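Enquirer: here is the input, now give the coordinates:
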Amino acid sequence: MSLHLTLIVLYSAIVVGLGIWTARYVRSSSAFFVAGRSLGPGLILVTMLAANIGAGSTVGAAGLAYRDGISAWWWVGSAGLGSLVFACLVAPRLWRIAREHDFYTTGDYLEFRYGPRVRGAATALVGLGALALLAGQLIAGASILNVITGVPRWGGALIGGTIMTAYFTAGGLLGTAWVNTLQLVVMLAGFAVSLPVLIDTAGGLPGLVGPAAPAWFGNITHSSGPGSGWTLLALTGPAFIVSPGLIQKAYGANSARAVRLGIALNAIVLLVFAFVPVLMGMAARVTMPDIADPNMVLPSLLAQQLPPWLGAMALAAVFSTEVDTCDAILFMLSTSASKDLYKRFINPAADDGRLLKVGRMAAVLGGATGVVLSIWLPTVIGALTVFYSLLVVTLFVPIVGGLFIRRAVERDALAAIAAGVTTLFVVRVGLGGALPWLDPTLAGVVAGAAAFAGAMALRRSPV
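Expert: Predicted coordinates for the structure are as follows:
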């Protein structure tokens with residue numbers, strides 16, 4: 001067994017064991033869903049970072065940088081900017097409402113604010129997108145295993161899916177908060193040691209933008225259109241303000257201060273970390289100019305351009321990020337399926353034990369579905385774009401509008417969701433070729449906001 005594979009197997013065994021060990025503290029749905037609202041700023045920081053630094057932030061960002069250069073910073077940098085807004089304006093307000101009314105999920109808030117139809121529609125749409133997000137993480141993990149062992153994508157996805165499902169199903173949010181602490185240490189250590197070596201191998205920072213690089217490679221303001229450079233702000237920025245998984249992690253805090261401080265620190269780390277995978281992708285363009293698959297840029301670079309011991313450490317770090325982000329997605333899927341759908345619409349009389357059991361069953365089913373989708377969807381960025389687009393056009397206007405506009409009602413939110421999703425689909429599928437400059441997600445948000453405002457105006461107009 002190679003050193004790379006040995007380290008990943010050992011690491012995987014440790015995180016599964018830690019997740020199972022924490023299961024003894026999870027005896028109620030409150031502990032599973034919101035960690036008993038016991039997380040301080042440190043654990044909020046760790047669990048937010050673990051959710052936010054995943055396949056898109058590492059494998060995906062490196063693949064974008066291989067094509068676009070330093071402007072790929074906007075993929076993760078936009079997440080940091082969105083997280084600052086989340087920390088200062090949105091998360092503390094939601095936490096206070098959740099504590100007062102004992103909310104577990106974003107769906108709880110949506111029904112409280114608008115009604116059950118908004119809850120059901122949002123949960124179904126975001127759930128579909130979340131499965132694509134989970135598939136993206138598994139594609140990245142499978143790429144790493146493919147580089148190390150040659151195992152095909154389906155095999156790598158199955159292995160990664162089994163690991164994250166095992167420890168999350170046991171420990172829920174409380175367990176993942178502690179597992180994420182270990183994963184964050186592994187990730188930061190691996191990247192901190194390997195980045196200087198890779199930059200030096202490429203000829204230092206000047207070498208990353210040398211004569212062989214495209215003219216735009218060193219321009220952080222470069223964009224070739226939607227999905228490139230600064231336009232990513234419209235896609236990933238709002239997603240980190242209204243993501244159900246991040247909102248629910250915020251619910252687990254023990255105070256509004258813990259929410260604000262933990263998420264703000266997470267935002268600062270994201271803004272700095274955004275340069276790490278980008279510089280690695282640029283180094284790969286210099287040292288390995290013939291990589292065809294963007295999913296393979298980062299795994300190939302770490303495996304072939306580093307000493308074996310350091311490559312093994314760095315690959316374990318990347319594998320760590322994919323697994324710990326998978327648990328955040330399972331968290332979102334399982335809690336929404338059990339609380340927002342099962343408890344609300346199928347079995348309102350379900351007791352606490354039954355709800356906990358359904359949440360764990362939903363996690364297993366979500367993990368299996370994610371594995372299947374990871375075989376079908378082509379790239380990490382493609383899979384994540386599906387999720388972010390659907391998430392933003394579904395939730396951004398209803399959540400932010402509901403917090404700051406008191407007179408908004410159910411009809412307004414449903415109009416925003418319908419207009420946003422319809423516009424996203426029309427622009428992406430029908431107008432993408434005719435209007436290549438038009439960002440589908442931004443168009444969906446604008447249409448949703450217009451429908452939200454229009455529905456309120458019509459309601460106030462005299463008959």
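Enquirer: so what's the spatially most central residue of the chain up against?
Expert: Centroid-nearest residue in the chain: Asn52, 5.2 Å away (criterion: Cα atoms, centre = their mean). Shown in contact with Asn52 (Cβ atoms under 8 Å, 6 or more residues apart in numbering): Ala79, Ser83, Phe240, Leu246, Asn266, Leu270, Thr325. Any C-beta I mention is one placed from the backbone N, CA and C, and that applies to glycine too.
Enquirer: again, but for Leu128
Expert: Leu128 neighbours (Cβ under 8 Å, 6+ apart): Leu390.
Enquirer: backbone phi and psi for Gly54, please?
Expert: phi -140, psi -140 (degrees, to the nearest 10).
Enquirer: wait, it sits on Gln137?
Expert: Yes - using Cβ atoms under 8 Å, Gly54 is in contact with Gln137, at 5.4 Å.
Enquirer: neighbour count: those two, which is higher?
Expert: Neighbour comparison, Gly54 and Gln137: the larger count goes to Gln137, with 33 against 27 (by other Cβ atoms under 10 Å).
Enquirer: please name the nearest non-neighbouring residue to Asp439.
Expert: Pro226 (4.1 Å; Cβ to Cβ, 6 or more residues apart in numbering).
Enquirer: if we can go back for a sec, from Trp75, how far off is the residue nearest to the centre of the chain?
Expert: 11 Å (Cβ to Cβ, to the nearest Å).
Enquirer: low-confidence stretches in the protein?
Expert: 1-5, 7-8, 11-12, 15-36, 164-183, 320-328, 378-381, 383, 431-434, 460-463 (pLDDT under 70).
Enquirer: domain ranges for it?
Expert: 3-380, 405-463 (automatic domain parsing).
Enquirer: quick one: the first one to chain centroid distance?
Expert: Between the centre of domain 3-380 and the centre of its host chain there is 4 Å, according to Cα atoms, centre = their mean, to the nearest Å.
Enquirer: got a list of contacts for the host helix or strand of Ala413?
Expert: Per DSSP states H and E: Ala413 is located in helix 410-425. For helix 410-425, the external contacting residues (Cβ under 8 Å, 6+ apart) are 110, 113-115, 117-118, 121-122, 125, 389-390, 393-394, 396-398, 401-402, 440-441, 443-452, 454-456, 459.
Enquirer: in helices, which of those fall?
Expert: 110, 113, 117-118, 121-122, 125, 389-390, 393-394, 396-398, 401-402, 440-441, 443-452, 454-456, 459 (DSSP state H).
Enquirer: what subset of these is buried?
Expert: By neighbour count, with 16 or more other Cβ atoms under 10 Å, these hold 110, 113, 118, 121-122, 125, 389-390, 393-394, 396-398, 401-402, 440-441, 443-452, 455-456 as buried.
Enquirer: check which helix or strand Ala212 maps to.
Expert: Ala212 belongs to no helix or strand, assigned by DSSP H and E.
Enquirer: check contacts around it.
Expert: Neighbours of Ala212 in contact, by Cβ under 8 Å, 6+ apart: Val286, Pro289.
Enquirer: quick one: it and Leu128, what's the gap?
Expert: 42 Å.
Enquirer: helices or strands next to the strand or helix carrying Val364 in the packing?
Expert: Per DSSP H and E, Val364 falls inside helix 352-376. With contacts defined as 3 or more Cβ pairs under 8 Å, 6 or more residues apart in numbering; DSSP states H and E, helix 352-376 has these neighbours: helix 29-34, helix 116-149, helix 153-201, helix 308-335.
Enquirer: please name whichever of those helices is nearest to Ala292.
Expert: helix 116-149 (12.9 Å; Cβ to Cβ).
Enquirer: flag every buried residue along the closest one.
Expert: Those would be 118-123, 125-127, 129-149, for helix 116-149 by 16+ other Cβ under 10 Å.
Enquirer: and stretch 267-286, by the same measure?
Expert: Within stretch 267-286, the residues that count as buried by 16+ other Cβ under 10 Å are 267, 269-271, 273-286.
Enquirer: now stretch 228-237
Expert: Ser228, Gly229, Thr231, Leu232, Leu233, Ala234, Leu235, Thr236, Gly237.
Enquirer: and the nearest residue to the second one once chain neighbours are set aside, what is it in contact with?
Expert: It refers to Gly229. Nearest non-adjacent residue to Gly229, counting by Cβ to Cβ, 6+ apart: Ser223, 3.1 Å away. Applying Cβ under 8 Å, 6+ apart, we find Ser223 in contact with Ser71, Gly229, Trp230, Thr231.
Enquirer: so the last one: helix, strand or coil?
Expert: So that's Thr231. helix (DSSP: H, G, I helix; E, B strand; the rest coil).
Enquirer: isn't it right up against Leu438?
Expert: No - the pair Thr231 and Leu438 does not pass the contact test of Cβ under 8 Å, sitting 10.4 Å apart.
Enquirer: what touches both of those two?
Expert: Common neighbours of Thr231 and Leu438 (Cβ under 8 Å, 6+ apart) do not exist.
Enquirer: any chance of the helices and strands packed on helix 352-376 in CSV, with distance to Phe103 too?
Expert: Below are the helices and strands packed on helix 352-376 laid out as CSV (distance: least, Cβ to Cβ, whole Å):
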stretch, distance to Phe103
helix 29-34, 8
helix 116-149, 11
helix 153-201, 14
helix 308-335, 11
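Enquirer: and Val259, which of those helices is closest to it?
Expert: Comparing the helices and strands packed on helix 352-376 by Cβ to Cβ, helix 29-34 comes nearest, at 12.1 Å.
Enquirer: pull out the buried residues from the helix or strand that comes right after the closest one.
Expert: On the C-terminal side of helix 29-34, the closest following helix or strand by DSSP H and E is helix 41-52. Buried residues in helix 41-52, counting neighbours by 16+ other Cβ under 10 Å, are found at Pro41, Leu43, Ile44, Leu45, Val46, Thr47, Met48, Leu49, Ala50, Ala51, Asn52.
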